[in-house]
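A.B. asks: Here is my input, please return the structure:
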Amino acid sequence: MTHLWIRAEQRPNEQRVGVTPAGVQALLEAGFAVTLEQDPTRAIQTEAYAGVQLASTGNWQTAPQDAIIMGLKELPDDGTPLRHRHIMFGHAYKGQPDGQRLLARFKAGGGTLYDLEYLTNEAGRRVAAFGYWAGYAGAAVALKSWAAAQAGDLCGPVQAFACASDLMANVAADLGHAQPKVIIIGAKGRVGSGAADFCAALGAPVTEWDVAETAHGGPYPEILAHDIFLNCILANQDTPVFVPASAKTDPRQLMVIGDIACDPDSAYSPIKIYDRATSWDKPALRTQGAPILDVTAIDNLPSILPRESSEDFAAQLLPSLLALKQFDTGVWGKAKGIFDRHVGG
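C.D. replies: Numbering: from 1, shown residues only. Down below sits the predicted model:
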């Protein structure tokens, strides 16, 4: 019997979950065993999950060897070898230092990472992604930061919201009647569409760019002519630099960069004015003071809207979870092949 163990998220400000109660019922009906770790901060209460076996937070480490451990964000970075098969976002294949340590733990324990970012269909498109809600929430944080910067301030702490309309009202109150000009790169993708929808709902003028507009390889002075730049693309070795280090002192209207893709420690990052992620407590990093240039780069943006983003992602992922009994084929086989190449397997 295939055993899926849904672990609690142990990262602060993380309330999402990758399987909803409806998904659990579908898995049980398909003959799976399902264990759910208790988590009082999860956006969907434990009581809503009928028929599962419950476990305490963090008990995945003692789960049966054949259990498949599923989470979303990273594991505690305690160096312990990882012996199970894990489904999660590993952020491990672009040379990130944390990712290299994670892969070393898998190699030491004999486990396997099935990275959710690399679950792709025949067309190469991800089968499940939080992208839309990352874009939606990322645009919100960037607009809040721009509103604060008008008074010379840094954006204050952000929080989770019960629903999208509450988040919209919060940002609208910060902006008042102001309507910053926004440019989005990656506007045709999931992330970009979420960002564009949020900006449009607030009446902020949006310039939407995608592959065609960036194909010439730069430079891109148009970015500097906007108030806010939202980076919504998944960078790779072919991605040009959108914002060079010189942007700090170049003539510009630009005051806020929302790096929604948020991969600052990757060599592929197209934004060269900062080198670390920001946080819920300190969502904006001031890279230049005269004139102001702030960067927002929170790496779990969808958790600002944890219930909506969880329900959307879980619905996308469920068909692939139901195929877990064929772990060596389809999206799972492809993901394992990527893992094996990176650990030398």
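A.B. asks: So which residues of the chain form helices?
C.D. replies: For the chain, applying DSSP state H gives helices covering 21-29, 97-109, 131-149, 164-175, 190-202, 211-214, 221-224, 306-321, 330-343.
A.B. asks: any idea which of these is most buried?
C.D. replies: Counting by mean count of other Cβ atoms under 10 Å, helix 131-149 has the highest mean neighbour count of these, with a mean of 27. No exception for glycine: its C-beta is placed from N, CA and C like everyone else's.
A.B. asks: re the thing from before, of all the helices of the chain, which lies closest to Arg252?
C.D. replies: Closest approach to Arg252 among the helices of the chain (Cβ to Cβ): helix 221-224, 3.7 Å.
A.B. asks: Tell me which other helices or strands that closest one touches.
C.D. replies: Secondary-structure packing of helix 221-224 (3 or more Cβ pairs under 8 Å, 6 or more residues apart in numbering; DSSP states H and E): strand 182-185.
A.B. asks: Identify the residues contacting the strand it packs on?
C.D. replies: By Cβ atoms under 8 Å, 6 or more residues apart in numbering, the residues outside strand 182-185 that reach it are 139, 142-143, 192, 195-196, 199, 204-210, 213-214, 222-223, 226-233, 242.
A.B. asks: Pro219 and Arg11, how far apart?
C.D. replies: As judged by Cβ to Cβ, to the nearest Å, Pro219 and Arg11 stand 37 Å apart.
A.B. asks: low-confidence ranges in the protein?
C.D. replies: In the predicted model of the chain, residues 345 satisfy pLDDT under 70.
A.B. asks: Compute the distance between the residue nearest the centre of it and Ile87, please.
C.D. replies: For the chain, Asn300 is the residue whose C-alpha lies nearest the centre (Cα atoms, centre = their mean; 4.9 Å). Between Asn300 and Ile87 the computed distance is 17 Å (Cβ to Cβ).
A.B. asks: swap in Asp340?
C.D. replies: Distance of Asp340 to Ile87, computed by Cβ to Cβ: 16 Å.
A.B. asks: what does Phe32 give?
C.D. replies: In terms of Cβ to Cβ, Phe32 sits 13 Å off from Ile87.
A.B. asks: okay, the two: which has more neighbours?
C.D. replies: In this view Phe32 and Ile87 are compared by other Cβ atoms under 10 Å, and Ile87 has more residues nearby, 28 against 18.
A.B. asks: Hmm, that one is touching Met70, no?
C.D. replies: Yes - the pair Ile87 / Met70 is scored as a contact, 4.4 Å apart, by Cβ atoms under 8 Å.
A.B. asks: between the two, what contacts are shared?
C.D. replies: Residues touching both Ile87 and Met70 (Cβ under 8 Å, 6+ apart) are Gly18.
A.B. asks: What ranges does the stretch 1-150 of the chain have for its strands?
C.D. replies: All strands of the stretch 1-150 of the chain, identified by DSSP state E, counting those that start in this stretch, fall at 3-6, 33-37, 53-55, 68-70, 85-88, 112-115.
A.B. asks: With distance to Leu317 added, can I get those strands in TSV?
C.D. replies: Listed next are the strands of the stretch 1-150 of the chain as TSV, based on distance: least, Cβ to Cβ, whole Å:
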stretch	distance to Leu317
strand 3-6	12
strand 33-37	14
strand 53-55	21
strand 68-70	9
strand 85-88	9
strand 112-115	12
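A.B. asks: Ile273: which of the ones you listed is closest?
C.D. replies: Among the strands of the stretch 1-150 of the chain, strand 112-115 comes nearest to Ile273, with 28.1 Å by Cβ to Cβ.
A.B. asks: Could you pull out the strands in the stretch 201-345 of the chain for me?
C.D. replies: Taking DSSP E, counting those that start in this stretch to define them, one finds strands in the stretch 201-345 of the chain at 206-209, 228-231, 256-259, 284-289, 292-296.
A.B. asks: As a markdown table, those with mean neighbour count would be great.
C.D. replies: Putting the strands of the stretch 201-345 of the chain into a markdown table (neighbours: other Cβ atoms under 10 Å) gives the following:
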| stretch | mean neighbour count |
| --- | --- |
| strand 206-209 | 19 |
| strand 228-231 | 29 |
| strand 256-259 | 28 |
| strand 284-289 | 18 |
| strand 292-296 | 26 |
